[in-house]
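*Asks:* what follows is a predicted structure for the sequence shown.
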Amino acid sequence: MLTLFRHDKDFDTASIKEAQIGFRHAEIVETVRVLREINEGEGAKIFQLNPRKEGQDMENWHGRLNMNEITLGGHSYGATGAVSLPCLMSVYED
């Protein structure tokens, strides 16, 4: 059994997998949040908050994304997150 030590807790393989899936869920939720803000006309704000200063034209994306029909995809833990997240979406919906 693989065991890793963290300050307050030992992680076994199942715990690591659970943590990875949780992290993927958080990434997906944050991505959808940012896309919603861009679609609602907050692209300039998102650009200003981006430390890499990518996406200077995001303000032009206002109203251009179909946020009612989102497609999720991924590989490995990203795929597991994409498949399992719709079951949890009611927790994240506005």
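*Replies:* Arrived safely, thanks for sending.

*Asks:* CA atoms for contacts and neighbours, from now on please.
*Replies:* OK.

*Asks:* where exactly do the strands run in this protein?
*Replies:* 3-6, 9-12 (DSSP state E).

*Asks:* any weak-confidence spans in the protein?
*Replies:* Where the chain drops to pLDDT under 70, the residues are 1-11, 85-94.

*Asks:* show me where this protein has its helices.
*Replies:* 13-37, 43-49, 77-92 (DSSP state H).

*Asks:* from the contact counts, what lies against the second one?
*Replies:* Yep, that's helix 43-49 we're talking about. helix 13-37 (3 or more CA pairs under 8 Å, 6 or more residues apart in numbering; DSSP states H and E).

*Asks:* before we move on, back to that, reformat the helices of the chain as a markdown table; add mean neighbour count and distance to Arg64.
*Replies:* Below are those laid out as a markdown table (neighbours: other CA atoms under 10 Å; distance: least, CA to CA, whole Å):
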| stretch | mean neighbour count | distance to Arg64 |
| --- | --- | --- |
| helix 13-37 | 15 | 10 |
| helix 43-49 | 17 | 12 |
| helix 77-92 | 14 | 22 |
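
*Asks:* what's the closest of the ones you listed to Glu59?
*Replies:* helix 43-49 (4.1 Å; CA to CA).

*Asks:* who's in contact with the closest one?
*Replies:* Helix 43-49 is contacted from outside by 34, 37-38, 53-62, using CA atoms under 8 Å, 6 or more residues apart in numbering.

*Asks:* switch the cut-off to 6 Å
*Replies:* Here helix 43-49 makes contact (CA atoms under 6 Å, 6 or more residues apart in numbering) with 55-56, 58-59.

*Asks:* ditto for stretch 67-76
*Replies:* 79, 82.

*Asks:* start to end distance for that stretch?
*Replies:* Terminal residues of stretch 67-76 are spaced 25 Å apart (CA to CA, to the nearest Å).

*Asks:* also stretch 41-56?
*Replies:* Taking CA to CA, the first and last residues of stretch 41-56 lie 13 Å apart.
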